[in-house]
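Student: sequence and predicted structure are below.
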Amino acid sequence: MIRTSRMLAAACAMLCAAGAPALGQTAPSLAPYFTPAASGATGVDEDGFIRRWMLLEPIAKPNRTNQLFTSDYVRKAFSEDRPTSLSSKLPTDGQTMTHKGASLTWHALDAAQWDAKLFYFAAAYGKPTYGVIFWATTVVDAPRDMPDSHLAVGSNSASMWWLNGKEAAALFGDRRMVMDDVVSPALGLKKGRNVLQGAVINGPGLSDFAVRFVDGKGQPIRDLKITLR
Amino acid sequence: MNSKLIAAAVLAGIAAPVLAQSNPVAQMEGEPWIHDPSTIVQSDGRFYTFGTGKGGLVSSDGWTWASGPVRPGGGVAPDVIKLGHRYYVAWAVGGGGMNGGHKSDVKIMWTKSLDPASKDFGFHDVGTVASSDGFEINDAIDPAFLLAEGRLWLSYGTYFGAIRMVELDPKTAERLPGNQPVDIAIDMEATALLHREGWYYLLGTHGTCCDGPNSTYNIRVGRSRSPLGPYVDNFGVPLLKGGGKLVWGSNGRGRGAGHFGLVDLGDGVEKFSFHYEADMDRSARSVLAILPLTWKNGWPLGQENLRPGTYEIQSERGGALQLAVDEVRLPWSWTGFGAPKEPVKPVPDQTLEQNRTVWPLGAIAVDMGAYQVRPNQHWTIEPVAGAGGWFGAPYVKIVIAGTSRALAATPSGDVVAVPQFTGAPEQLWRIDMLGDGTYRIIPRNTPDPMKPLALAAVGASTPRLVRFDPASEAGKWTFRLP
């Protein structure tokens, strides 16, 4: 979400890949928004939000304005900038890859809040914060088959999400963060491992996302375990 | 041309005139060009608002606006509050993504007059009351004041992370010593604060601004029992998680609504100022707008002005405003209540020509009676070009439908229908929507526009112009389609 009139200056920021703040600014770090993911499984938070994620350092994707984020544009962008290894196996912490000439690293992190603040994730690693595509993966371990489970997503800005390889939710346009912005049809979490993957695209905005599973009444599903493997 | 194309062409042909009749912005004559208008305040008998950049707008009637006000400092999205004899102005320097950054300061200054020609005009610096360092999850711009329960609050922030609240000294507008900012929402712009009946309301703008007719700006609200939150919307979604109930957005020829400001006209009449990102009748420029504000289940809700059209004007006392003329009966023969013996067929309404056969030639008294869908009970209301308006509401003429016979105020406070509308002040009316969705009807020539006379049901059948009393139902009217 961005004031379009202020886009020109912001465009400079994205093209300059400004990750480092100026003097007098808060020094970039994962804290207070992320900590390295602990080993083993964790639960969702009290509201059902998934906080454990494997995040890929951002792929540079200059966008003149978030108003460009039509469904065609976003689908094409995610298709062109999808990590090639994502379809075959899950990434691991510290795994690096080269995408369009840039070396990018996956990081296993626990979000300290209900949303994963991607802007600060990127800044902490000295990466571009504007004009970017982020990829995220996690594994949802369901204690039983849950046919009436729905994926509820909010993101800044546009995003797409896939559960067990199938498209589950898509948020197009210049999105701002609002919890449960888009709620998928019943997806049917299966007992055991369910792989959730997502991608977020943004121009000069404060990128983040928030994801949880809700039941048919919109209530959070809390008895899920989250791993990254 | 195949059938689909024909259908599309027909639809296009229909759609164009329908849209042309959609609610016009129809507001604010003069030079209403502004973005991020501050809360409108009165100084030296005139009304002022300031916007992003230098300067602002001034008006004597809330309808015709002109440039001319002076506000040093530039910057974005100021707000103004009057405390005692001083007008405090908060504004932001830097941030907003300008130059790619979010390093900004909210500054405050005061003056005893907003009129540059006044001897009391002159700004004095209070200092910086809030800042963002350019990297933290806040952008210290878009400040908004609230004085409530003896305490002075200031909200600020934008799409870049948190909306924050700080407390200021109500005597100096300086930040209270030791006060720490509190996050109260995320991802809003141009916040505003209200306090009403024990609730604190945080309003702000969602969507994208500054893209002309493509802007998606819309005004949202959450409420809390504490000024420091938690603010939630009508679905219980915290504003810290993106919630917000819609107050107003694009409408008619206005696209993208942002930067709410309360306009309290007294008598319980509230309106709100804001800007449309694009007035489609004015080169899609950003313009000042003022519309009615109502309340529903404790939530503020923006409303349109009454659309031009033909209405029954119904008193809350039960009668319909009408020409006080003899009844012209519809032809009718009693045949009992049983099943009709003849084929059922429609019965035509009474025509204007049939009804007006009993009308006197001169002025006709106006009273109220049981609504019978008669031509002497139908009034056509439309704005009068060049007649001006009052705080977002144009002056209108109210004539018997199909005629130019116009509702007019008399010096004695009665109302009559004169044979011909001439545009005289006593034939011009302003229609204010009230907080409960009813309306009051005020003659343009009321002695004091802020404490106006209004049409009231002083008897079950008698309307008269009396001082409007918000505690009484007598001065409340609804407009119903015939």
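Tutor: Right, received. Where do you want to start? Numbers count the residues shown, from 1 in each chain, chains lettered A, B, ... in the order given.
Student: number of residues surrounding the closest residue to residue A:30 other than its chain neighbours?
Tutor: Leaving aside its sequence neighbours, residue A:30 sits nearest to residue A:124 (CB to CB, 6 or more residues apart in numbering or on different chains; 4.6 Å). C-betas here are computed from N, CA, C, even on glycine. Residue A:124: 20 surrounding residues under other CB atoms under 10 Å in any protein chain shown.
Student: ditto for residue A:179
Tutor: By other CB under 10 Å, neighbour count at residue A:179 equals 20.
Student: hmm, it is touching residue A:210, no?
Tutor: Yes: with contacts counted by CB atoms under 8 Å, residue A:179 reaches residue A:210, the gap being 5.6 Å.
Student: give me the common contacts of these two.
Tutor: A:114, A:154, B:241 (CB atoms under 8 Å, 6 or more residues apart in numbering or on different chains).
Student: ranking those residues by neighbours, who comes first?
Tutor: residue A:154 (25 neighbours).
Student: for it, give me its contacts.
Tutor: Residue A:154 neighbours (CB under 8 Å, 6+ apart): A:115, A:171, A:175, A:177-182, A:209-210, B:241-242.
Student: make CSV out of these and add secondary structure.
Tutor: Shown next, in CSV, are the contacts of residue A:154 (DSSP: H, G, I helix; E, B strand; the rest coil):
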residue, secondary structure
A:115, coil
A:171, strand
A:175, coil
A:177, coil
A:178, coil
A:179, coil
A:180, coil
A:181, coil
A:182, strand
A:209, strand
A:210, strand
B:241, helix
B:242, coil
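Student: mind picking the two most distant members of those?
Tutor: A:171 and B:241 (15.5 Å; CB to CB).
Student: for residue B:57, see how far away residue B:385 is.
Tutor: 22 Å (CB to CB, to the nearest Å).
Student: so which of the two has more stuff around it?
Tutor: Using other CB under 10 Å as the criterion, residue B:385 and residue B:57 rank with residue B:57 on top: 25 against 9.
Student: what kind of secondary structure is the spatially closest residue to the more buried one that is not a sequence neighbour in?
Tutor: Distances taken as CB to CB, 6+ apart put residue B:65 closest to residue B:57, at 4.3 Å, once the chain neighbours are dropped. With three-state DSSP as the basis, the three-state label of residue B:65 is strand.
Student: wait, residue B:65 sits on residue B:56?
Tutor: No: taking contacts as CB under 8 Å, residue B:65 lies outside contact range of residue B:56: 9.4 Å.
Student: host element of the residue at minimal distance from the centre of chain B?
Tutor: For chain B, residue B:291 is the residue whose C-alpha lies nearest the centre (CA atoms, centre = their mean; 1.4 Å). Assigned by DSSP states H and E, residue B:291 belongs to strand B:285-296.
Student: show me what that strand is packed against.
Tutor: Packed against strand B:285-296, as judged by 3 or more CB pairs under 8 Å, 6 or more residues apart in numbering or on different chains; DSSP states H and E, are the following elements: strand B:254-264, strand B:270-279, strand B:299-302, strand B:429-433.
Student: make it 6 Å
Tutor: strand B:270-279, strand B:299-302 (3 or more CB pairs under 6 Å, 6 or more residues apart in numbering or on different chains; DSSP states H and E).
Student: starting at the chain centroid, how far to it?
Tutor: 4 Å (CA atoms, centre = their mean, to the nearest Å).
Student: I'd like the average pLDDT over that strand.
Tutor: Averaged across strand B:285-296, the pLDDT comes to 96.
Student: next: stretch B:160-176.
Tutor: pLDDT averaged over stretch B:160-176 gives 97.
Student: just to revisit the earlier point, rebuild the shared contacts of residue A:179 and residue A:210 as JSON lines, extending it with pLDDT and distance to residue B:112.
Tutor: Compiled in JSON lines, the shared contacts of residue A:179 and residue A:210 are given as follows (pLDDT from 0 to 100; distance: CB to CB, whole Å):
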{"residue": "A:114", "pLDDT": "97", "distance to residue B:112": "47"}
{"residue": "A:154", "pLDDT": "98", "distance to residue B:112": "47"}
{"residue": "B:241", "pLDDT": "97", "distance to residue B:112": "43"}
